[in-house]
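A.B. asks: Would you be able to build a 3D model of this:
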Amino acid sequence: QVQLVESGGGLVQPGGSLRLSCVASGSIAGINTMGWYRQAPGKQRELVAAITRDGKTNYADSVKGRFTISRDNAKNTVYLQMNSPKAEDTAVYYCNVDLFLLSRPWDVQNYWGQGTQVTVSS
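C.D. replies: Numbering: from 1, shown residues only. Sure, this is the predicted structure:
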């Protein structure tokens, strides 16, 4: 019923920039919080950044001042602008969305994207 499609991952040099995108599609009545998580090899998945429908943001301390999350409500899309990435930012990045289905507009559902690899290396 719902698909989250991520794009924009790849190899980036330290100090460079990269932008991730995630588009939600399907039988969606509305979307609440959208966010990005990441998981590095051997580590737990962790929150990178999240944004509410009205634009309030939350960031992991490790990315504050370097990454920026934004969204386009008309396009059901969330972005993660990654500036000055570091080697320790290397991970699989996952989009996560809280939304309401047309078939169940009273009940929030949580969905994950398939993940996109980001590798920071010179």
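
A.B. asks: alpha carbons only for contacts and neighbour counts from here, please
C.D. replies: OK.

A.B. asks: where does this protein have low pLDDT?
C.D. replies: Across the chain, nothing is flagged by pLDDT under 70.

A.B. asks: T90 versus P14, what's the distance?
C.D. replies: From P14 over to T90 the distance is 10 Å, taken as CA to CA, to the nearest Å.

A.B. asks: can you check E6 too?
C.D. replies: Counting by CA to CA, the separation of E6 from T90 is 16 Å.

A.B. asks: With L47 instead?
C.D. replies: The spacing between L47 and T90, counted by CA to CA, is 14 Å.

A.B. asks: Show me which of those two is the more surrounded one.
C.D. replies: T90 (20 against 17; other CA atoms under 10 Å).

A.B. asks: OK, contacts around that one?
C.D. replies: With CA atoms under 8 Å, 6 or more residues apart in numbering as the criterion, the residues that contact T90 are 40, 117-120.

A.B. asks: In CSV, list these along with secondary structure, neighbour count and distance to A29.
C.D. replies: Conversion of those to CSV gives the following (DSSP: H, G, I helix; E, B strand; the rest coil; neighbours: other CA atoms under 10 Å; distance: CA to CA, whole Å):
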residue, secondary structure, neighbour count, distance to A29
A40, coil, 16, 33
Q117, strand, 18, 29
V118, strand, 22, 31
T119, strand, 20, 35
V120, strand, 22, 37
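
A.B. asks: can you list those residues in JSON lines and add distance to V108?
C.D. replies: Below are the contacts of T90 laid out as JSON lines (distance: CA to CA, whole Å):
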{"residue": "A40", "distance to V108": "28"}
{"residue": "Q117", "distance to V108": "28"}
{"residue": "V118", "distance to V108": "29"}
{"residue": "T119", "distance to V108": "33"}
{"residue": "V120", "distance to V108": "35"}
